[in-house]
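>>> Could you work out the structure for the sequence below:
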Amino acid sequence: MILTQKETNFLNDFRDQELLCIEKYEKYAGMACSSELKALFTSLAEGERSHLKTINSMAGGTVGTVPTQISADNTHCCCANYCDEQSKKCDEFLCRDMLASEKHVSSIYDTGIFEFSDPQARKMLNHIQAEEQQHGERIYAYMKSNGMYS
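Down below sits the predicted model:
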């Protein structure tokens, strides 16, 4: 695949956002008070690493095979046992920030998809966007099950 300058710029933006999400998920996993949230953030960081690998491959001119379904979501709700309100508030802040990040990243993919001329590249970016939306859904499910989202 030969990329236009606009496509290259979008891929650079996607890469920057994936790197930021990885960094935030890793830091927030270390800051989270509940073991359930630590595990969720660690899992989501792995998903972002997969996206980064795909984006780097695309930047090199190769679009891999688009998976037929999004990765396993594990959206089961997990209730954490918070020993105090301060711990719960800390985790709620981390969740709110990452939910906002996922919304932002999803919107960037939504715009960028339309700028690619290669149909396979558009399908791959659409797949990544669906996974980003799933990441947000998993965070939402955690927040909902722990009384953090109304």
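>>> Next, name the residue at the spatial heart of this structure.
By CA atoms, centre = their mean, the chain has its centre lying nearest to E132, at 4.2 Å.
>>> Could you tell me how far that residue is located from E92?
Computed as CB to CB, to the nearest Å, the E132 to E92 distance reads 21 Å. Every C-beta, even on glycine, is put in place using the N, C-alpha and C of the backbone.
>>> ditto for S35
Here S35 is placed at a distance of 16 Å from E92 (CB to CB).
>>> higher neighbour count, these two?
Each of S35 and E92 had its neighbours counted (other CB atoms under 10 Å), and the higher figure belongs to E92 (19 against 11).
>>> The more buried one in helix, strand or coil?
When the structure is split into helix, strand and coil by DSSP: H, G, I helix; E, B strand; the rest coil, E92 lands in helix.
>>> excluding its backbone neighbours, what's nearest it?
For E92, the nearest residue in space outside its immediate sequence neighbours is M148; the separation is 4.3 Å by CB to CB, 6 or more residues apart in numbering.
>>> what residues are up against that neighbour?
Going by CB atoms under 8 Å, 6 or more residues apart in numbering, M148 touches 88, 91-92, 95-96, 142.
>>> just the buried members of those?
A residue is treated as buried here by neighbour count (16 or more other CB atoms under 10 Å); on that basis the buried members of those are 88, 91-92, 95, 142.
>>> Looking at the residues you listed, which is nearest L3?
Taking CB to CB as the measure, L3 lies nearest C95 of these, at 35.6 Å.
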